[in-house]
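Student: any chance you could fold what I've pasted below:
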Amino acid sequence: MTTPKFAQIKQFIVDKIRSGTWQENQRVPSENELSSQFSVSRMTARRALSELTEAGILTRSQGLGTFVATFKSQSSLLEIKNIADEVKERNGNYTCSVLILESINAVAPIAIALGVEVDSVVYRSVLVHNENDSPLQLEERFVNPALATGYLQQDFSMLTPHEYLSSVAPLTQARHTVEAIMPNSEMCQWLNLYNEEPCLQVIRRTWSVKGIVSFARLVSPGSKYRLGGHLTFKK
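Tutor: A predicted model of the protein is given here:
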């Protein structure tokens with residue numbers, strides 16, 4: 001099967017970036033230049049550039065052109081996406097290290113966050129999401145067993161908690177708190193941070209139609225991750 005032209009253009013650009021031929025903030029060929037080089041229409045070249053921009057690999061500036069983005073992962077607060085999909089959209093290699101998978105008795109803050117009784121049994125997982133074998137995000141998650149009974153039986157090296165929970169308790173609502181933190185020694189160990197650096201912490205609670213499903217803490221090194229979003233306002 002012949003690879004579509006727009007996909008060939010995307011791979012060409014990604015290869016240039018990954019090889020170091022094109023550096024951060026370097027201007028990439030324009031739609032006209034790409035359409036001429038690959039003998040395609042401007043619309044095809046535009047599609048390739050647009051999809052790479054949406055994936056955070058390129059940035060576009062009106063009147064100036066298209067540039068290689070800074071090499072930080074980007075996630076949206078306004079749309080909860082599967083982190084494995086985000087990494088793959090950037091043509092990265094996603095892996096997950098499962099550190100802890102257990103049932104615990106909920107202390108008061110966790111019980112309140114999940115809407116369950118204090119000391120009731122809840123599930124806890126601690127994972128590290130990796131991109132190209134480098135730690136990208138530490139995830140500690142507490143789950144309501146009543147809404148995800150098979151949570152502890154899942155192989156989270158094969159699918160993410162987000163994927164599993166979305167299948168058994170589809171998301172209807174989420175709330176976030178975002179702050180900059182200094183990681184503790186345990187976080188530094190899990191994220192392979194040899195020198196303490198500020199991290200981005202997202203506290204997220206998610207709901208299904210039956211109630212609160214999970215309460216998660218997502219911690220990412222500030223040098224590797226950023227949050228972004230796009231808002232569309234209706235008149």
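Student: residue 45 belongs to a helix, doesn't it?
Tutor: Yes - assigned with DSSP: H, G, I helix; E, B strand; the rest coil, residue 45 falls within a helix.
Student: I figured it hits residue 38, correct?
Tutor: Yes - using Cβ atoms under 8 Å, residue 45 is in contact with residue 38, at 7.2 Å. All C-beta atoms are positioned from the backbone trio N, CA, C, and that covers glycine.
Student: contacting residues for the most centrally placed residue in the chain?
Tutor: Most central in the chain under Cα atoms, centre = their mean is residue 83, positioned 3.3 Å from the mean C-alpha point. Residues near residue 83 by Cβ atoms under 8 Å, 6 or more residues apart in numbering: 75, 94, 129, 136, 137, 160, 162.
Student: just the buried residues of the residues you listed.
Tutor: Among the contacts of residue 83, the ones that count as buried by 16 or more other Cβ atoms under 10 Å are 75, 94, 129, 136, 137, 160, 162.
Student: how about those in JSON lines, adding pLDDT, secondary structure and distance to residue 190?
Tutor: JSON lines is the format used below for these (pLDDT from 0 to 100; DSSP: H, G, I helix; E, B strand; the rest coil; distance: Cβ to Cβ, whole Å):
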{"residue": "75", "pLDDT": "51", "secondary structure": "strand", "distance to residue 190": "19"}
{"residue": "94", "pLDDT": "93", "secondary structure": "strand", "distance to residue 190": "17"}
{"residue": "129", "pLDDT": "95", "secondary structure": "strand", "distance to residue 190": "11"}
{"residue": "136", "pLDDT": "92", "secondary structure": "strand", "distance to residue 190": "12"}
{"residue": "137", "pLDDT": "94", "secondary structure": "strand", "distance to residue 190": "10"}
{"residue": "160", "pLDDT": "94", "secondary structure": "coil", "distance to residue 190": "17"}
{"residue": "162", "pLDDT": "93", "secondary structure": "helix", "distance to residue 190": "19"}
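Student: as TSV, these with distance to residue 6 would be great.
Tutor: Shown next, in TSV, are the buried ones among the contacts of residue 83 (distance: Cβ to Cβ, whole Å):
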residue	distance to residue 6
75	25
94	23
129	29
136	27
137	30
160	28
162	28
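Student: ok, so of the contacts of residue 83, who is nearest residue 8?
Tutor: residue 94 (23.4 Å; Cβ to Cβ).
Student: grab the nearest non-local neighbour of that closest one.
Tutor: Setting aside the residues directly before and after it, residue 94 is nearest to residue 87 in space (Cβ to Cβ, 6 or more residues apart in numbering), at 4.0 Å.
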